[in-house]
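Asker: Turn this into a structure:
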Amino acid sequence: MNEIKKIVRIVTNRVKKNVSLIDVVNNEDNPGKEQQLFNSIQSGVYTTDDDAAFGMYGTNGTDQRYRMLKSRLRTKLNNLLYFADFNDSRGNISFPFEQECHSHIFRAKILYKEGEYELAEKSIKKALTISKESEFTDLTLIGLKMLRIIYSESFRPNHLRKAIGQIKKYEVINRLEEESLDIFYLKWMQLGKSVHSRKVHLESTIKAVEVLRKLWEKGGSYALFENYYRLRLWTNELLGDYSSVVAITEEAYDLVNKGAVNPLRFDMRHHVYTRTYACLRAKDYDKGIKYAEEGMNHISRSSRNWFSHMENYVLLALHNKNYLLADEVINQVTRNPYVDKISTQSKERWELYKGYLYFIMPDRNVEDVLSFKDIYERLPFYSQDKQGFMVAILILEFMDFLKKDRLDLALTKLPNSERYIYRYLNQNPESQREKLFLKLISIIVQCSFNPDMAAKKGKRYLERLKITPEPGDAFAEVEIVPYEQLWDILMGFMTKAHVKLDFARK
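Answerer: Numbers count the residues shown, from 1 in each chain. Okay, the predicted model is just below:
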């Protein structure tokens, strides 16, 4: 009780009088003005100051009453930020530990200022237990330095000497981490600034990765490992060396399992996504499917990470020609009750995945899951930020007409494809594979859908397609079904149609 009484005294005497400790959303029957404003902003009723002022007072946003109300609400909301909960599947896995450390340290500072050294020491030791286990070097140093003051002022020489010794140890690690961070953030900026900057600084980044590796080996902390690991991953992704990315992620996973890398800090969700995506880009489909299945154990079905992971999973299945597995993955996504919460762009991509799958499967129909008319109505035809999306739609619609022997309608898609090549793809050096495949489609039309003629005339473009790599950038569009695979499917459809036509002539 004595400890509680001391804290009650401090809160009573020290908490600012204008700070409300009451939640703004706890009175539903008789809400105050602040709660009314909060509820209306939350529900989207008010989107501007003028809207809110008119709704609350029948005036505009310059009304002093409204400005004071907004100020009071802002104060209450800022107070609530201290109680934000990050113990869920959305946040960084280590942030709750960091947040708890900060809370203990903050309380310790208040208790120390009030002369409650024993309580302050207790709070600091709780922080140090967490910070050392989680390898937060900066927070460990803050806690140890506070203990140094307390031990000095409370005349405890043995404890003081021990604290000073630990401070020296962690200051060495902290200096290495600061050096590592300086290198990491400089390179992160240079690689993320522009394509030109990326090309100019890529070679020096490869050397920087080696420097970060040596710093990690010297200091051994998680922060040193993470800087080295992240920059090493990104460098290999930019180089398009996804086989190395797979190897790097496997190496990291082994280090975590052996305890050489702190499992409390290692984000398994990001690891799962990176590893399966790298397998997809490295065309190691069997391994990728295995990892994708295992990865589902580490990601909550209610999170956006789960849906991103499932995109890699379905693409791995499609590229591996395992269409039954792709169908199963899509059904899992469709049945997930949280699917309505993903972004519109994500939903559009899932429509396309299902459309391509239904195109490939003999007993399915694209129109059962996809309306091209609806897509074109809700999406501007020429959209610079959705090039990959538009190419995928153009190709799918053309192929679907060809599959159904609707050659007249397939012909209407060709001018759109040619305009798209001229307008966007010619300006983008990363779009060589799209250009080559759309050129093959043009050849099909030029050859009047004759498979033998199309195969002969398109041979050199097909050979160029086979040796043209996908863009190395980690953020590049991934082909839903590889273009080489689609070409084989198209040739099969044309052959069937041609045989049917010859039979009809006879």
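
Asker: Report the separation between the residue nearest the centre of the chain and L264.
Answerer: What sits nearest the mean C-alpha location of the chain, by Cα atoms, centre = their mean, is N305, with 6.9 Å. Taking Cβ to Cβ, to the nearest Å as the measure, N305 falls 18 Å from L264. All C-beta spots, glycine's among them, are computed from the backbone N, C-alpha and C.

Asker: Likewise for Y277?
Answerer: For Y277, the distance to L264 (Cβ to Cβ) stands at 24 Å.

Asker: So for those two, which sits in the more crowded spot?
Answerer: Ranked by neighbour count (other Cβ atoms under 10 Å), Y277 and L264 place Y277 first, with 26 against 12.

Asker: and that one, helix, strand or coil?
Answerer: Secondary structure assignment for Y277 (DSSP: H, G, I helix; E, B strand; the rest coil): helix.

Asker: okay, it: pLDDT?
Answerer: Y277 is assigned 94 on the pLDDT scale.

Asker: Skipping its backbone neighbours, what lies nearest it in space?
Answerer: Setting aside the residues directly before and after it, Y277 is nearest to N312 in space (Cβ to Cβ, 6 or more residues apart in numbering), at 5.2 Å.

Asker: Near that neighbour, how many other residues are there?
Answerer: Residue neighbour count, defined by other Cβ under 10 Å, stands at 26 for N312.

Asker: Please, which helix or strand holds it?
Answerer: Applying DSSP states H and E as the criterion places N312 in helix 304-319.

Asker: Report all helices and strands that that helix contacts.
Answerer: For helix 304-319, the elements it packs on are helix 268-281, helix 285-295, helix 323-335, helix 344-360, judged by 3 or more Cβ pairs under 8 Å, 6 or more residues apart in numbering; DSSP states H and E.

Asker: can you redo these as CSV with distance to Q99?
Answerer: Formatted as CSV, these follow (distance: least, Cβ to Cβ, whole Å):
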stretch, distance to Q99
helix 268-281, 18
helix 285-295, 26
helix 323-335, 32
helix 344-360, 29
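
Asker: Check these for me and report the most buried one.
Answerer: helix 268-281 (a mean of 23; mean count of other Cβ atoms under 10 Å).

Asker: Quick one: list the elements packing against that helix.
Answerer: For helix 268-281, the packing partners by 3+ Cβ pairs under 8 Å, 6+ apart come out as helix 242-258, helix 285-295, helix 304-319.

Asker: hmm, try it at 10 Å
Answerer: Applying 3 or more Cβ pairs under 10 Å, 6 or more residues apart in numbering; DSSP states H and E, one finds that helix 268-281 contacts helix 222-239, helix 242-258, helix 285-295, helix 304-319.

Asker: Looking at those helices, spot the one closest to K70.
Answerer: Proximity to K70 (Cβ to Cβ) singles out helix 304-319 among the helices and strands packed on helix 268-281, at 31.2 Å.

Asker: Please export the C-alpha coordinates of the closest one as PDB.
Answerer: Extracted in PDB, the C-alpha atoms of helix 304-319 (Å, rounded to 0.1, in the frame of the first residue of the first chain):
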ATOM      1  CA  ARG A 304      -2.600  -7.400 -44.500                       C
ATOM      2  CA  ASN A 305       0.700  -9.300 -44.400                       C
ATOM      3  CA  TRP A 306      -1.300 -12.500 -44.800                       C
ATOM      4  CA  PHE A 307      -2.900 -11.300 -48.000                       C
ATOM      5  CA  SER A 308       0.500 -10.100 -49.300                       C
ATOM      6  CA  HIS A 309       2.000 -13.500 -48.500                       C
ATOM      7  CA  MET A 310      -0.900 -15.300 -50.300                       C
ATOM      8  CA  GLU A 311      -0.200 -13.200 -53.400                       C
ATOM      9  CA  ASN A 312       3.300 -14.700 -53.500                       C
ATOM     10  CA  TYR A 313       1.800 -18.100 -52.800                       C
ATOM     11  CA  VAL A 314      -0.700 -18.000 -55.700                       C
ATOM     12  CA  LEU A 315       1.900 -16.700 -58.100                       C
ATOM     13  CA  LEU A 316       4.300 -19.500 -57.200                       C
ATOM     14  CA  ALA A 317       1.500 -22.000 -57.900                       C
ATOM     15  CA  LEU A 318       0.600 -20.400 -61.200                       C
ATOM     16  CA  HIS A 319       4.200 -20.200 -62.400                       C
END
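
Asker: and the angle for it with helix 285-295?
Answerer: Per axes from the mean of the first three to the mean of the last three Cα atoms, to 10 degrees, the angle that helix 304-319 makes with helix 285-295 is 150 degrees.

Asker: quick one: average confidence on helix 304-319?
Answerer: Mean pLDDT, helix 304-319: 94.

Asker: can you check stretch 139-147 too?
Answerer: Confidence for stretch 139-147, expressed as mean pLDDT, is 97.

Asker: hmm, who's touching that stretch?
Answerer: 97-98, 101-102, 104-105, 108-109, 112, 120-121, 123-132, 134, 136, 156, 159-160, 162-171, 173-174 (Cβ atoms under 10 Å, 6 or more residues apart in numbering).

Asker: Apply 7 Å and report the result again.
Answerer: For stretch 139-147, contacts defined as Cβ atoms under 7 Å, 6 or more residues apart in numbering pick out 101, 105, 108, 112, 121, 124, 127-128, 131-132, 163, 166-167, 170-171, 174.

Asker: Which of the residues you listed sits closest to L407?
Answerer: The shortest gap between L407 and any of the contacts of stretch 139-147 belongs to C101, at 67.7 Å (Cβ to Cβ).

Asker: residues contacting the residue nearest to Y277?
Answerer: N312 makes contact with 273, 276-277, 280, 292 under the criterion Cβ under 7 Å, 6+ apart.

Asker: got the phi/psi numbers for G32?
Answerer: phi -80, psi -180 (degrees, to the nearest 10).

Asker: N336 now?
Answerer: In terms of degrees, to the nearest 10, the main-chain angles of N336 are phi -70, psi 120.

Asker: Was I right to think it contacts S300?
Answerer: No: applying Cβ atoms under 7 Å, one finds N336 not in contact with S300, separated by 10.8 Å.
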